[in-house]
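Novice: coords below, sequence missing:
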Ligand code: GLY
């Protein structure tokens, strides 16, 4: 058995336990220093929850690989909660509706073809477009929409590139151009304002919430405004590659490749990146296994269109080989987490080590892509 298959089996084993726990008591389960995601105190309906669906996404990947209906049944146990969140608790949602509903309702619809999952996903897409600021041409990231007097008004973040596939899917599914148009406007604004001439990206960007005038870069997740948060670059690579998949607009492919090549250039022998590529000289930064997993998925998406990118292909394998080593994998079934050494914020500009639910999901997706299992939910 290859190390990729062994790692995939580990993900499946842990997913079997984790999805049952989530179905019994829905919550966000975002990250955990000790790998116990279910000790993380953030409820399913809380506005900050962007992570529940990394567990459902893993369970659906596990279902596609094993055909064991247990996974599907557990995921479907959550359908009333996901529905209620967008139909009854809709003000308590943020731009991460894309992460949440692509890896739940869209994925379930692709797997089961049941109309109720399609309806819930379309409702999530409608809520996401409400966050679009037509003056500035961006999707507002954080905060309730009825809160204007907050630092989050006028703010978009790089992660939002991963929320756009929900809109592209909704456009195709509903035959309504507006979803796609907003996804394109947001991607164009991200290209214009977030991507710097040296092929790095801002974590966030501000517009005047009243006039839509661009204000400048900002930072909540990287080391500083002008630094280069590794996970943010990985979100951008994968997000632009997906925008290319949906639009076939060459400028998205071109920017995804530029950012990917720069990311590769900045890696060292460890391959798993330091959490921010621009820490002050002499700082020994922690690594981020989740950035490595997301980047591997982004590179795989790019390689579907540019199979001659040899360095990208070699780096994808190197990233996955490293993550499949015992140093990074937690082999104990008693631990919910799969990947050690992810990075989470510890106040702006500071980082600490944790297991991350998103790192585990993207690791499993990268393995599934490599092993030719399952279809893409994005
Ligand atoms: N989307 C939040 C993060 O990547 O930490």
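Specialist: Looks like it arrived, so ask away. Note that this is a predicted model, so its numbers are computed, not measured.

Novice: Strands of the stretch 101-250 of the chain, start to end?
Specialist: 132-133, 138-139, 155-157, 204-207, 214-218 (DSSP state E, counting those that start in this stretch).

Novice: Please identify the most buried of the ones you listed.
Specialist: Neighbour counts (mean count of other Cβ atoms under 10 Å) averaged over each of the strands of the stretch 101-250 of the chain peak at strand 138-139, with a mean of 28. The C-beta positions use only the backbone N, C-alpha and C, and glycine is treated the same way.

Novice: which secondary structure elements does it contact?
Specialist: Contact partners of strand 138-139 among helices and strands, from 3 or more Cβ pairs under 8 Å, 6 or more residues apart in numbering; DSSP states H and E: strand 132-133, helix 177-189.

Novice: where does the closest residue to residue 77 other than its chain neighbours land in three-state SS?
Specialist: Among residues not flanking residue 77 along the chain, residue 23 sits closest, at 4.0 Å (Cβ to Cβ, 6 or more residues apart in numbering). Here residue 23 is helix, with the state taken from DSSP: H, G, I helix; E, B strand; the rest coil.

Novice: Surely residue 23 touches residue 79?
Specialist: No - proximity of residue 23 to residue 79 does not meet the contact threshold set by Cβ atoms under 8 Å, at 10.3 Å.

Novice: what is residue 343 paired to in the beta sheet?
Specialist: In this entry, residue 343 is beta-bridged to residue 353, by DSSP bridges.

Novice: burial of it, as a residue count?
Specialist: 27 (other Cβ atoms under 10 Å).

Novice: my guess is it meets residue 292, correct?
Specialist: No - using Cβ under 8 Å, residue 343 is not in contact with residue 292; the gap is 10.4 Å.

Novice: Ignoring the adjacent residues along the chain, who's closest to the residue of the stretch 101-250 of the chain found nearest the ligand?
Specialist: Ranked by Cβ to the nearest ligand atom, the top residue of the stretch 101-250 of the chain for proximity to the ligand is residue 159, at 4.0 Å. In this structure, residue 159 finds its nearest non-sequential neighbour in residue 235, 4.8 Å apart by Cβ to Cβ, 6+ apart.

Novice: In contact with that neighbour, which residues?
Specialist: 158-159, 161-162, 294 (Cβ atoms under 8 Å, 6 or more residues apart in numbering).

Novice: so of these, which ones are in helices?
Specialist: With helices taken from DSSP state H, the overlap with those comprises residue 294.

Novice: Buried subset of the contacts of residue 235, written for PyMOL?
Specialist: Buried residues within those, by 16 or more other Cβ atoms under 10 Å, are selected in PyMOL with:
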select buried, resi 158+159+161+162+294
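
Novice: which one of the contacts of residue 235 is nearest residue 272?
Specialist: residue 294 (11.6 Å; Cβ to Cβ).

Novice: The nearest residue to that closest one once chain neighbours are set aside: neighbour count?
Specialist: Computed as Cβ to Cβ, 6+ apart, the closest residue to residue 294 that is not its neighbour in sequence is residue 234, at 3.9 Å. Neighbours of residue 234 under the rule other Cβ under 10 Å: 29.

Novice: show me the contacts for residue 234.
Specialist: 263, 291-292, 294-295, 298 are the contacts of residue 234 under Cβ under 8 Å, 6+ apart.

Novice: Please repeat the previous calculation with a cut-off of 7 Å.
Specialist: 291, 294-295, 298 (Cβ atoms under 7 Å, 6 or more residues apart in numbering).

Novice: likewise residue 267?
Specialist: residue 273.

Novice: tell me the phi and psi of it?
Specialist: phi -80, psi 150 (degrees, to the nearest 10).

Novice: How about the residues of the protein by the ligand?
Specialist: 50, 159, 221, 231 (Cβ under 6 Å from any ligand atom).

Novice: what's the spacing between the closest residue to the first one other than its chain neighbours and residue 130?
Specialist: In other words, residue 50. Setting aside the residues directly before and after it, residue 50 is nearest to residue 96 in space (Cβ to Cβ, 6+ apart), at 3.4 Å. Distance, residue 96 to residue 130, using Cβ to Cβ, to the nearest Å: 14 Å.

Novice: got it, and residue 242?
Specialist: From residue 242 to residue 130 the distance is 22 Å (Cβ to Cβ).

Novice: higher neighbour count, the two?
Specialist: Set residue 242 next to residue 130 and count neighbours by other Cβ under 10 Å: residue 242 wins out with 24 against 14.

Novice: residues in contact with that one?
Specialist: 164-165, 301, 378.

Novice: let's see it at 6 Å
Specialist: By Cβ atoms under 6 Å, 6 or more residues apart in numbering, the residues touching residue 242 are 165, 378.

Novice: One more: residue 222?
Specialist: Applying Cβ under 6 Å, 6+ apart, we find residue 222 in contact with 203, 229, 276.

Novice: mind redoing it with 8 Å?
Specialist: So residue 222 contacts 203, 228-229, 232, 276, 349 (Cβ under 8 Å, 6+ apart).

Novice: OK, contacts around the residue lying closest to it once chain neighbours are set aside?
Specialist: Closest residue in space to residue 222, ignoring its immediate chain neighbours: residue 229 at 3.0 Å, by Cβ to Cβ, 6+ apart. By Cβ under 8 Å, 6+ apart, residue 229 lies in contact with 158, 201, 203, 219, 221-223, 275-276.
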